[in-house]
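Colleague: missing the sequence, but the structure's below:
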């Protein structure tokens, strides 16, 4: 149900954009108004969510340690998996955010007759997840060429690096292939693995279909249809300088592409996609394992009802005396 | 039980449905203990009952409680919001591996709570309802919460594999706190709580009983070793307060670990004391609520202050160390009336306990061994072929991995590791932690313990291992029946039991048995010769 619903939602969006910008001719709406609205929703929404998270207290220091603690000088501790200071935490977070360290550990379990429990390394999710996120980042950065004149040198360099293999004309960019493959993998994985299908919600399929729509429409423009790049760039720079003009004769595919990107931006702050910001704020990962070294203060710590020694002794004094245990008061 | 299917049902998980089959759930908390602890809604009820007699405004209580905790715990807020359901955690949970029940996948355990959060606290959930992943709060859902939040041992293994470190233990803790606010909890958490609160230990042993047990151990040790050890209780002015899980002086095989501690303290001549008031290190509050945890934990610092000790050493106990390491200083600190722990024998200053002033006994012992302060005869453990089970909490909350291994390798000559994906931070739970080690829950215990038992089976078959060492009282209580079922003929023991066996004491005669009273082979030979003559 979730799959069909999500697929349908994306198809409806494609039809909306085609009809709206094409048939009806509301190009200003799709090229200017909606992208601005989407961007505003994205920025305000993300900021709102992050501030909301930040306002929530971190009462206890609860890192999950994945390596040896710092204790004796002669036992080698693991500063990246069980960091005891800020540098270790930064290292741990960098490994997590840049290389998906925790996913790299992934194993697959199999229970056979006996029963015997078997574990095998499972790096597919790690590899494809990493491939997707990195190519997404590079593609995102490459798009700066549509917003800046002159094109910054690092953007050109990135594009050249991306097209390193020089396949075909126009040059096929490696990331374009990688992102299609990886997103497709993530989608197929959800559909094929019964466990994954069971836990998947519409909110898991929808972003994948949306991304596929964005990526495929982009590829369509680059390799298969003729698109007025000069016009698109004029729109991009115009949007960025708050002086937007809708260029003439830009293909319909472009409007679909832009609309899906707008939907993605607007959808972002309301969804699980917020993991991109949340990963930095996860208390099991971003705290140092120095609980016993330094005191950590709970902002809402409050006094609780305790059973004091005096109450205890009052109840058990006679028994303690007969057992020869010292007491504070004789009576 | 030997067949586990990982094929979930075709229908989705959104409709709450629980079947209270015998062996898979725990008895309900009895009214008396709830009353003793001033907890809400004390009444007689049982999980299979149709009507659980929830308070009239039960929905309000849940909503208010959830709202409050989202503000108080960033962990909860973040974990509710950022899970992408990638499934990396799914087959990491011992309960899922052993039962195949899809709702035991950590991701779905979290969704139990997350769906209610989504429906009532997020824009999408309010608008889209079920399509947005939201579920209505119903009495049926509360039953589902009870069933699955008491099928999580808070071992945190899933958190190791999650790309965002989402910790299901944290979610289970919140789920249990919310259930507690309705008076929905289990007997084997609440009665030990009340006992710990009143008498200091979870079995409700009163001070004279505590003193008796320690005395009994002293007598027995004298029989085994010929040496009489000193065991002060509630002694003011001692240098060190020693706190151990109370099972160590009442249950087997914990008891042998206790004998080990006593010999160690005797051999080092350390100036220490036990306390009858703080006679429990294990903190059942962790399985109940943060407030309860704090109420029980307070005793340790209060007692250290009253007795005027310099620092505290703690025994072998898993959850005890989760609380002492990650919560104690924050909840009941600062411990500024104590001093930074310095080993009186080696002079080592334990900088890693600078603030809490409490060290783990394996930190203490490994330091002694490293500085050659103990005379050891590891051959006295030759009848044991050992492997080591990293108890979940010391491993995943502290990173206490090498210290116990260093000790074991110095006191035993036969030691092998279990397979890679089942030890250290990837260690598997005994299947009975967090208050689930009750007999009425036996089926789930055996299922949940399958991954651990299976790894033990591997080293039994390949290396003839005959004892599984560990550092947690719950392990020591629940692993024996687990191994008896899945891997017969493997015993369970503590690290300090092995230390006690190997320790050479001043003026001791030749030891004829180990701490369990098992005769050493040479001694048997001598005995036979004697018989012939």
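Modeller: Everything's here; your move. The structure presented is a predicted model; accordingly, all values stated were derived computationally and were not measured. Residues are numbered from 1 along each chain as shown, chains lettered A, B, ... in the order given.

Colleague: what strand or helix carries residue A:217?
Modeller: helix A:202-219 (DSSP states H and E).

Colleague: mind listing what's buried along the following helix or strand past that helix?
Modeller: For helix A:202-219, the following helix or strand on the C-terminal side (DSSP H and E) is helix A:229-240. For helix A:229-240, a neighbour-count test (16 or more other C-beta atoms under 10 Å in any protein chain shown) marks A:231-239 as buried. No exception for glycine: its C-beta is placed from N, CA and C like everyone else's.

Colleague: so stretch B:307-321, near chain A or not?
Modeller: No: applying C-beta under 8 Å from any C-beta of the partner chain, one finds stretch B:307-321 separated from chain A by no less than 9.6 Å.

Colleague: from the chain's centre, how far out does that stretch sit?
Modeller: 15 Å (C-alpha atoms, centre = their mean, to the nearest Å).

Colleague: span of that stretch from start to end?
Modeller: End-to-end distance for stretch B:307-321: 22 Å, by C-alpha to C-alpha, to the nearest Å.

Colleague: in that stretch, what's buried?
Modeller: Buried residues in stretch B:307-321, defined by neighbour count with 16+ other C-beta under 10 Å: B:307, B:309-321.

Colleague: and if you look at stretch B:69-89?
Modeller: Burial within stretch B:69-89, assessed by neighbour count using 16+ other C-beta under 10 Å, is assigned to B:69-70, B:72-89.

Colleague: so residue A:289 touches residue B:399, yeah?
Modeller: Yes: judged on C-beta atoms under 8 Å, residue A:289 makes contact with residue B:399 at a distance of 5.9 Å.

Colleague: who has more neighbours, these two?
Modeller: Neighbour count, other C-beta atoms under 10 Å in any protein chain shown: between residue A:289 and residue B:399, residue A:289 has more, with 32 against 27.

Colleague: for the more buried one, give me the pLDDT.
Modeller: We have a pLDDT of 96 for residue A:289.

Colleague: could you measure from it over to residue B:5?
Modeller: Look at residue A:289 and residue B:5: by C-beta to C-beta, to the nearest Å, they are 38 Å apart.

Colleague: repeat for residue A:13
Modeller: 39 Å.

Colleague: between these two, tell me which one has more neighbours.
Modeller: Remark: of residue A:13 and residue B:5, residue A:13 carries more neighbours, 18 against 9, as counted by other C-beta under 10 Å.

Colleague: let me know the pLDDT of the more buried one.
Modeller: Residue A:13 is assigned 95 on the pLDDT scale.

Colleague: what's the helix or strand for it?
Modeller: Using DSSP H and E, residue A:13 maps to helix A:2-17.

Colleague: residues contacting the following helix or strand past that helix, please?
Modeller: Where DSSP H and E defines the elements, the next helix or strand beyond helix A:2-17 is helix A:27-28. Residues outside helix A:27-28 that contact it (C-beta atoms under 8 Å, 6 or more residues apart in numbering or on different chains) are A:21, A:246, A:250, A:255.

Colleague: now the residues you listed as TSV including pLDDT?
Modeller: Rendered in TSV, the data for those read as follows (pLDDT from 0 to 100):
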residue	pLDDT
A:21	88
A:246	88
A:250	85
A:255	94
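
Colleague: just among those residues, which is most surrounded?
Modeller: Among the contacts of helix A:27-28, the one with the most neighbours (other C-beta under 10 Å) is residue A:21, at 25 neighbours.

Colleague: look up how far chain B lies from it.
Modeller: 27 Å (C-beta to the nearest C-beta, to the nearest Å).

Colleague: tell me the contacts of that residue?
Modeller: A:27, A:29-31, A:252, A:255-256, A:259.

Colleague: need the contact list for the residue nearest to it when sequence neighbours are not counted.
Modeller: Leaving out its chain neighbours, the residue that sits closest to residue A:21 by C-beta to C-beta, 6 or more residues apart in numbering or on different chains is residue A:255, at 3.7 Å. By C-beta under 8 Å, 6+ apart, the residues touching residue A:255 are A:17-18, A:20-22, A:27, A:30-31.

Colleague: and residue A:183, how close does it get to chain B?
Modeller: Residue A:183 sits 14 Å away from chain B, going by C-beta to the nearest C-beta.

Colleague: next one: residue B:527, what pLDDT does it get?
Modeller: Reported pLDDT for residue B:527: 43.

Colleague: is it true that residue B:112 touches residue B:147?
Modeller: No: with contact defined as C-beta under 8 Å, residue B:112 does not reach residue B:147; the gap is 9.4 Å.

Colleague: find the closest residue to chain A in the stretch 1-150 of chain B.
Modeller: residue B:82 (3.5 Å; C-beta to the nearest C-beta).

Colleague: leaving out chain neighbours, which residue sits closest to that residue?
Modeller: The shortest distance from residue B:82 to any non-neighbouring residue, by C-beta to C-beta, 6+ apart, is to residue A:278 (3.5 Å).

Colleague: check residue A:46 too.
Modeller: Closest residue to residue A:46 apart from its sequence neighbours, by C-beta to C-beta, 6+ apart: residue A:269 at 5.0 Å.

Colleague: ok, the one you found - how many residues close by?
Modeller: 20.

Colleague: that one: what's it in contact with?
Modeller: Going by C-beta under 8 Å, 6+ apart, residue A:269 touches A:41-42, A:44-46, A:48-49.

Colleague: with pLDDT added, can I get the residues you listed in a markdown table?
Modeller: Listed next are those as a markdown table, based on pLDDT from 0 to 100:
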| residue | pLDDT |
| --- | --- |
| A:41 | 97 |
| A:42 | 98 |
| A:44 | 98 |
| A:45 | 97 |
| A:46 | 97 |
| A:48 | 96 |
| A:49 | 96 |
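
Colleague: filter those down to the buried ones.
Modeller: Buried, going by 16+ other C-beta under 10 Å: A:41-42, A:45-46, A:49, out of these.

Colleague: and the residue nearest to residue B:120 when sequence neighbours are not counted, what helix or strand is that in?
Modeller: Nearest residue to residue B:120 in three dimensions, chain neighbours excluded: residue B:63, at 6.4 Å (C-beta to C-beta, 6+ apart). Assigned by DSSP H and E, residue B:63 belongs to helix B:58-72.

Colleague: buried residues in that helix?
Modeller: Buried residues in helix B:58-72, counting neighbours by 16+ other C-beta under 10 Å, are found at B:58-59, B:61-63, B:65-66, B:69-70, B:72.

Colleague: next, count neighbours for residue A:331.
Modeller: Neighbours of residue A:331 (other C-beta under 10 Å): 5.

Colleague: so how far is chain B from it?
Modeller: Relative to chain B, residue A:331 is positioned 17 Å away (C-beta to the nearest C-beta).

Colleague: show the contacting residues for that residue.
Modeller: residue A:317.

Colleague: what about residue B:420, neighbour count?
Modeller: Applying the criterion other C-beta under 10 Å, we find 12 residues in the vicinity of residue B:420.

Colleague: in a strand, residue A:83, correct?
Modeller: No: if the criterion is DSSP: H, G, I helix; E, B strand; the rest coil, then residue A:83 is coil and not within a strand.

Colleague: that one touches residue A:91, doesn't it?
Modeller: Yes: counting by C-beta under 8 Å, residue A:83 does reach residue A:91; the two are 6.8 Å apart.

Colleague: give me the below-cutoff pLDDT ranges for the chain.
Modeller: Just going to use chain A. For chain A, applying pLDDT under 70 flags the ranges A:1, A:165-170.

Colleague: try chain B instead
Modeller: Low-confidence segments of chain B, defined by pLDDT under 70, span residues B:1-3, B:9-10, B:522-533.

Colleague: please enumerate the strands of it.
Modeller: Counting by DSSP state E, chain B has strands at residues B:240-243, B:272-273, B:311-314, B:358-360, B:386-388, B:467-470, B:491-494.

Colleague: got the buried residues for stretch A:220-231?
Modeller: Going by neighbour count (16+ other C-beta under 10 Å), the buried part of stretch A:220-231 is A:220-221, A:227, A:231.

Colleague: the longest helix along chain A: how far from the chain's middle?
Modeller: Assignment by DSSP state H gives helix A:34-55 as the longest helix of chain A. Relative to its chain's centre, helix A:34-55 lies at 15 Å (C-alpha atoms, centre = their mean).
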